[in-house]
Structures are given as structure tokens and as C-alpha cells.
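Trainee: Return a 3D structure for these sequence lines:
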Amino acid sequence: MARIAGVDLPNNKCGEIGLTYIFGIGRSSAKKILNKCGIDASIKVGDWDDAQISAIRAEIASYKIEGELRSSVQMDIKRLMDIGCYRGIRHRSGLPVRGQSTKNNARTRKGKKKTVANKKKVTK
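Mentor: This next block holds a predicted model:
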């Protein structure tokens with residue numbers, strides 16, 4: 001099993017898909033990395049030799065990945081919340097940030113439904 005950037009890559013996946021298990025590397029980045037290293041993207045991760053793995057590690061070193069990227073994203077969100085912009089306020093209150101409707105959906109951001117009781121009518 002290849003271990004790159006603290007992540008165990010699955011042996012049974014092809015190289016392009018296997019690299020996407022690293023946070024911050026998607027399909028297009030994986031293709032670029034493999035092309036620069038001269039490795040065929042269809043070769044499975046388990047079939048890589050030590051020289052290929054070290055070439056990939058050297059190429060990935062120039063990318064911002066895993067912990068460094070996660071902390072960078074968190075710092076960006078914290079900055080938005082600190083300056084009090086619209087996006088920061090939405091992050092702070094746990095609502096959708098990118099303009100989605102919240103009347104019917106947005107359960108992922110808002111959490112489980114909270115039933116609100118109706119006002120009782122005054123009888124005369």
C-alpha cells in the first residue's frame with residue numbers, strides 16, 4: 001500500500017483515482033501530477049514501484065494538501081466571520097453561504113427540524 005502525505009492509497013484503484021484520496025488533489029490535479037512524473041494514469045497504485053512513488057511524493061510537495069490546506073480553509077472562514085461580511089455571518093449562524101434557498105431545504109446546514117408551536121387563538 002502506497003503511503004503519500006500521511007494517506008494510505010488503496011492498491012486496487014488506478015493511479016488517477018488513488019491520488020484523489022489525498023485532501024486537496026482532485027482528478028485534474030492527479031492527471032497533471034502523473035503526467036509530470038511520466039506515469040500512466042491507468043496503472044493501479046499497487047503496481048507502482050518505489051521510484052514512481054518517490055517521484056509522485058516530490059511532485060506533490062509543491063501542492064498545498066491535507067493539514068496545511070485544511071487549516072488554510074479554516075483560517076479563511078474565520079477571517080470572513082471576523083470582518084463580519086455577509087458570508088461570515090452566514091457561516092456563524094450555520095446557514096447556507098452561497099445563496100441557496102432556506103424556506104424548504106437547507107437541512108444539511110440548519111440541522112434536524114425543530115418544530116415551532118402555533119400561537120393559540122384568543123376565544124371571545
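
Trainee: and the lengthiest helix in the chain, which residues are buried?
Mentor: With DSSP state H setting the assignment, residue counts place helix 66-83 as the longest helix in the chain. When neighbours are counted by 16 or more other C-beta atoms under 10 Å, the buried residues of helix 66-83 are found to be E66, L80. Heads up, the C-betas are built off the backbone N, CA and C, glycines and all.

Trainee: for this protein, what spans make up the helices?
Mentor: Assignment of helices within the chain using DSSP H yields the ranges 15-19, 27-37, 50-60, 66-83, 86-93, 107-110.

Trainee: what is the mean pLDDT for stretch 104-124?
Mentor: For stretch 104-124, the per-residue pLDDT values average out at 85.

Trainee: chain center to it, what's the gap?
Mentor: Taking C-alpha atoms, centre = their mean, to the nearest Å, the mean C-alpha location of stretch 104-124 is offset from the chain mean by 32 Å.

Trainee: need the contact list for the residue nearest the centre of the chain.
Mentor: Relative to the mean C-alpha position of the chain, the nearest C-alpha, by C-alpha atoms, centre = their mean, is the one of F23, at 6.0 Å. When contacts are counted by C-beta atoms under 8 Å, 6 or more residues apart in numbering, F23 touches V7, I65, E66, L69, R70.

Trainee: which residues touch the spatially closest residue to the fourth one that is not a sequence neighbour?
Mentor: Leaving aside its chain neighbours, L69 sits nearest to G24 (4.3 Å; criterion: C-beta to C-beta, 6 or more residues apart in numbering). Taking C-beta under 8 Å, 6+ apart as the definition of contact, the neighbours of G24 are Y63, K64, I65, E66, L69.

Trainee: which residues are in contact with the longest helix of the chain?
Mentor: Counting contacts by C-beta under 8 Å, 6+ apart, the residues outside helix 66-83 that touch it are A5, G6, V7, I22, F23, G24, K64, R87, G88, I89, H91, R92.
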